[in-house]
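Student: give me a model of this one.
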Amino acid sequence: MEKLIAAGESFTEISVQRIIEEAGVSRATFYAYFQGKPDILKRLAQKVRDASLALARQWDPGAGEDGAARYTKFFEDVLALHRAHHPVLSAVREVASYDPDVRDFYTADLEGFDEAVLTTLVEQQQAGATPSDLDAVAASRVIVWGGAQAIAHHISVDDGSGDAALARELGRIWWYGAYRRPAG
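Tutor: Sure thing, here's the model as predicted:
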């Protein structure tokens, strides 16, 4: 199925029959491994989710004051990963609009990132590196959920030539807008 959506076919328009023909398996075999098309989509997206979350969990804001540059590198990696898997991620966003299981999968993905960012913001506040007047819950929501939308939109309208600029701006927004913004 990944090959089909990468070729530009809409997930919604791809039938189970088409998938089993492309895969060269029987309908019974298909249903022995998958509950349906959305299940395949979630499994394809899971590897992207795991790689993205691993990148996020490696982030240590206390590792030095070059945070904006380190965040820029992080977002370059995130953009490369999302660009490589854009058809699958686009299909997840499409299907999440009407399928509750895929919506829950997509939401859980972003909630995992939100939780990781919230944890680091609170830790940085406790260490005195991030201002105490930062509302860590609101800030993590803005930068995670807003960042996800910005990345998805950017990849859909940009040929890759603007990836470095977007990564730099996201890095600076996260670092100077939350982690190291001035108090007050």
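Student: when you work out contacts or count neighbours from here on, use the C-alpha atoms and nothing else.
Tutor: Fine.
Student: what segments of this structure are helices?
Tutor: Remark: helices assigned in the chain by DSSP state H are 2-6, 16-23, 27-33, 37-58, 67-84, 86-96, 100-126, 136-157, 163-174.
Student: can you add distance to Arg180, mean neighbour count and mean pLDDT and give the ones you listed back as JSON lines?
Tutor: Converted to JSON lines, the helices of the chain look like this (distance: least, C-alpha to C-alpha, whole Å; neighbours: other C-alpha atoms under 10 Å; pLDDT from 0 to 100):
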{"stretch": "helix 2-6", "distance to Arg180": "40", "mean neighbour count": "15", "mean pLDDT": "85"}
{"stretch": "helix 16-23", "distance to Arg180": "49", "mean neighbour count": "14", "mean pLDDT": "91"}
{"stretch": "helix 27-33", "distance to Arg180": "47", "mean neighbour count": "12", "mean pLDDT": "92"}
{"stretch": "helix 37-58", "distance to Arg180": "18", "mean neighbour count": "16", "mean pLDDT": "87"}
{"stretch": "helix 67-84", "distance to Arg180": "9", "mean neighbour count": "19", "mean pLDDT": "93"}
{"stretch": "helix 86-96", "distance to Arg180": "31", "mean neighbour count": "19", "mean pLDDT": "92"}
{"stretch": "helix 100-126", "distance to Arg180": "9", "mean neighbour count": "17", "mean pLDDT": "92"}
{"stretch": "helix 136-157", "distance to Arg180": "12", "mean neighbour count": "16", "mean pLDDT": "96"}
{"stretch": "helix 163-174", "distance to Arg180": "9", "mean neighbour count": "19", "mean pLDDT": "96"}
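Student: hmm, who's touching stretch 57-75?
Tutor: 55, 116, 120, 124, 167-172, 174-176, 179 (C-alpha atoms under 8 Å, 6 or more residues apart in numbering).
Student: re earlier: what about the helices of the chain, which gets the closest to Ala183?
Tutor: Closest to Ala183 of the helices of the chain is helix 100-126 (C-alpha to C-alpha; 11.1 Å).
Student: now tabulate the helices of the chain in JSON lines and tack on distance to Gly184.
Tutor: Shown next, in JSON lines, are the helices of the chain (distance: least, C-alpha to C-alpha, whole Å):
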{"stretch": "helix 2-6", "distance to Gly184": "47"}
{"stretch": "helix 16-23", "distance to Gly184": "56"}
{"stretch": "helix 27-33", "distance to Gly184": "55"}
{"stretch": "helix 37-58", "distance to Gly184": "28"}
{"stretch": "helix 67-84", "distance to Gly184": "21"}
{"stretch": "helix 86-96", "distance to Gly184": "37"}
{"stretch": "helix 100-126", "distance to Gly184": "14"}
{"stretch": "helix 136-157", "distance to Gly184": "14"}
{"stretch": "helix 163-174", "distance to Gly184": "17"}
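Student: quick one on the thing from earlier: what is the nearest of the contacts of stretch 57-75 to Gln149?
Tutor: Using C-alpha to C-alpha, the contacts of stretch 57-75 come closest to Gln149 at Leu170, 11.9 Å.
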